[in-house]
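1. Quick check, what structure comes out for this input:
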Amino acid sequence: MISWNSGSGNLTQTIKTPAFVIDENILRQDIALLRKIADEASCKLLYSPKACSISSVLEIVSGHVDGFGCSSLFEVTLVDQICGGDTPIHLVSPLLKEDTLRTIGDRLDYVTMNSLSQWSRLRGKISSLTQPGLRVNPQLSFLNDRRYDPCRPNSKLGTPIDKLAEMVNRDDELLQGIKGLHFHTNCDATEFASLLATVRHIQDLIPKFLERLTWVNMGGGYLFNEVNNYSDFFQAVEIFREMFGLVVFIEPGASVVRSAGIIEATVHDLFESGDAKVAILDATVNHMSEVFEFQFEPDVLGYSKGGSHPYILAGCTCLAGDIFGEYTFDAPLDVGSKVKFLNMGAYTISKAHRFNGVGLPTIYMRRSNGAVQLLKEDTFDDFAGTSGVIHSAVV
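-> The predicted model follows:
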């Protein structure tokens, strides 16, 4: 198992913080595992660039996947620029505009409608070269936190399966022309029992609908590299593939890139606040916005439970809640110490923002030979551009 403890001795001397670093070896290890599992299951592997769309990541991943599951015109265009215009593309979004479909034209291999209303309105605008599908909400929840739950009551994501079942049973004309089914029901799951339960649920409720389809996309939400037993996954794929003759797609995002990325920061100030010692970093929770959105404490390299040196690790903005969490270390931190946040490869750079005018992390890739390559440094012009400034003086 490759880790950030191995081969990273000179990393802190090489990079400028705050930094987002992708490790090529870890990325290749995780995408190779997914490729192996997909091949054993005889299903198709897609990558969701919403997790991380850095150019070098897309380049490496493209050699291992059967296509990309995109969520917007920009993502489709980016994949085309980096991976080539013949890369298979799936598009799914709660918002699909007529002019977006007109712009993409024949480029899409598959498009998933989020609702029957969307399908009714846009079905005549889809290219004959594109296979249309429908997202379904299986109405089977496995998450206690509704913020993560696509199957929550009154969900905006997909057609409720009970409504779809009613339409299938009366052979509704509106369903004619739909070739595929898409569902996504979990988040960061480390078992596949819930996926198998979902597939059996769908099989029981809409078997007639499945019989007239050609493909199904089971979405993402499962951390393949943190699971030891894949038997439930293989069985779930087999139900669709063997019983209904469907081409089966899986669409992981976080599972591909999460463990490959870190955010590294530098301690710039240390002071006492009440009974706690605060360490101010040059990073911010706005660089990993899900920390603030979902109130979890990110993993930190060197954290020692029960360590003798406790700190509140705090971000550099004026937001009072710009706090990463409370951590203890065996050795004390000093001004200039480096702090590495682990498992930051997914949904960090793709969601990061520049509140207070704090620049985004400089992006690096640690190549397989250990060399650290600079990919992108955030600039004042990048910041000014988001404020509508077309040209600006170098600061």
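2. What residues of the helix or strand that contains residue 117 count as buried?
-> Here residue 117 sits within helix 116-122, counting by DSSP states H and E. Within helix 116-122, the residues scored as buried using 16 or more other C-beta atoms under 10 Å are 116, 118, 119, 122. Backbone N, C-alpha and C define where each C-beta goes, glycine included.
3. Would you mind identifying the next helix or strand past the longest helix anywhere in the chain?
-> Taking DSSP state H as the criterion, the chain has its longest helix at helix 24-41. Scanning forward in sequence from helix 24-41 by DSSP H and E, the next helix or strand is strand 44-45.
4. Contacts for that next one next, please.
-> 34, 35, 38, 64, 65, 66, 67, 247, 248, 249, 250, 252 (C-beta atoms under 8 Å, 6 or more residues apart in numbering).
5. What strands line up against that strand, and which way round?
-> strand 247-250 (parallel) (DSSP bridges).
6. Quick check: next helix or strand after the partner strand?
-> Trace forward from strand 247-250 with DSSP H and E and the next one is helix 254-257.
7. Quick one: list the elements packing against that next one.
-> On a contact count with 3 or more C-beta pairs under 8 Å, 6 or more residues apart in numbering; DSSP states H and E, helix 254-257 meets helix 24-41.
8. Now the helix it packs on: average pLDDT?
-> Helix 24-41 shows an average pLDDT of 98 in the prediction.
9. Could you give the separation of it from the chain centroid?
-> From the chain centre to the centre of helix 24-41 is a distance of 16 Å (C-alpha atoms, centre = their mean, to the nearest Å).
10. same question, stretch 374-393
-> 25 Å.
11. do the same with stretch 218-229
-> 13 Å.
12. Endpoints of that stretch, how far apart?
-> 18 Å (C-alpha to C-alpha, to the nearest Å).
13. one step back: residues contacting the helix holding residue 117, please?
-> Taking C-beta under 8 Å, 6+ apart as the rule, helix 116-122 contacts 96, 98, 101, 113, 132, 134, 159, 163, 164, 167, 174, 178.
14. residues touching the second one, list them.
-> Under the criterion of C-beta under 8 Å, 6+ apart, the contact list for residue 98 reads 122, 125.
15. Could you do the fourth one as well?
-> Counting by C-beta under 8 Å, 6+ apart, residue 113 touches 96, 119, 122, 123, 132, 133, 134, 135, 178.
16. Find the nearest non-adjacent residue to the fourth one, please.
-> Spatial nearest neighbour of residue 123, excluding adjacent residues (C-beta to C-beta, 6 or more residues apart in numbering): residue 177 at 6.1 Å.
17. Quick check: that neighbour vs residue 381, distance?
-> Relative to residue 381, residue 177 is positioned 47 Å away (C-beta to C-beta, to the nearest Å).
18. do the same with residue 301
-> Taken as C-beta to C-beta, the span from residue 301 to residue 381 is 33 Å.
19. again with residue 322
-> From residue 322 to residue 381 the distance is 25 Å (C-beta to C-beta).
20. Please identify which of the two sits among more neighbours.
-> Legend: neighbour count by other C-beta atoms under 10 Å for residue 322 and residue 381, higher for residue 322 (21 against 14).
21. That one touches residue 287, doesn't it?
-> No. Counting by C-beta atoms under 8 Å, residue 322 stays clear of residue 287, with 10.2 Å between them.
22. Report how many residues lie close to the closest residue to residue 49 other than its chain neighbours.
-> Spatially, and ignoring its direct neighbours in sequence, residue 49 is nearest to residue 75 (5.2 Å; C-beta to C-beta, 6+ apart). Counted with other C-beta under 10 Å, residues neighbouring residue 75 total 21.
23. How about residue 278?
-> 15.
24. SS state for it?
-> Classification of residue 278 by DSSP: H, G, I helix; E, B strand; the rest coil places it in strand.
25. what's the spacing between it and residue 150?
-> 37 Å.
26. need the contact list for the residue nearest the centre of the chain.
-> Nearest to the mean C-alpha position of the chain, counting by C-alpha atoms, centre = their mean, stands residue 51 at 2.6 Å. Residues near residue 51 by C-beta under 8 Å, 6+ apart: 253, 254, 256, 257, 258, 345, 346, 347, 350.
27. what pLDDT does the residue nearest to residue 123 get?
-> 95.
28. so what secondary structure elements neighbour the longest strand along the chain?
-> Looking across the chain with DSSP state E, the single longest strand is strand 261-273. Strand 261-273 sits against strand 19-23, strand 276-281, strand 338-341, with contacts defined as 3+ C-beta pairs under 8 Å, 6+ apart.
29. List the pairing partners of that strand within its sheet, with orientation.
-> Strand 261-273 is paired, per DSSP bridges, with strand 19-23 (antiparallel), strand 276-281 (antiparallel), strand 338-341 (antiparallel).
30. Most tightly packed of the ones you listed?
-> Mean neighbour count (mean count of other C-beta atoms under 10 Å) peaks for strand 19-23 among the strands paired with strand 261-273, with a mean of 26.
31. Give me the angle between that strand and helix 24-41.
-> Strand 19-23 and helix 24-41 are oriented at 50 degrees to each other (axes from the mean of the first three to the mean of the last three C-alpha atoms, to 10 degrees).
32. ok, residue 28 - contacts?
-> 60, 368.
33. repeat for the one 4 residues further on
-> Contact partners of residue 32, counting by C-beta under 8 Å, 6+ apart, are residue 64.
34. do you know how far it is from residue 58?
-> 16 Å.
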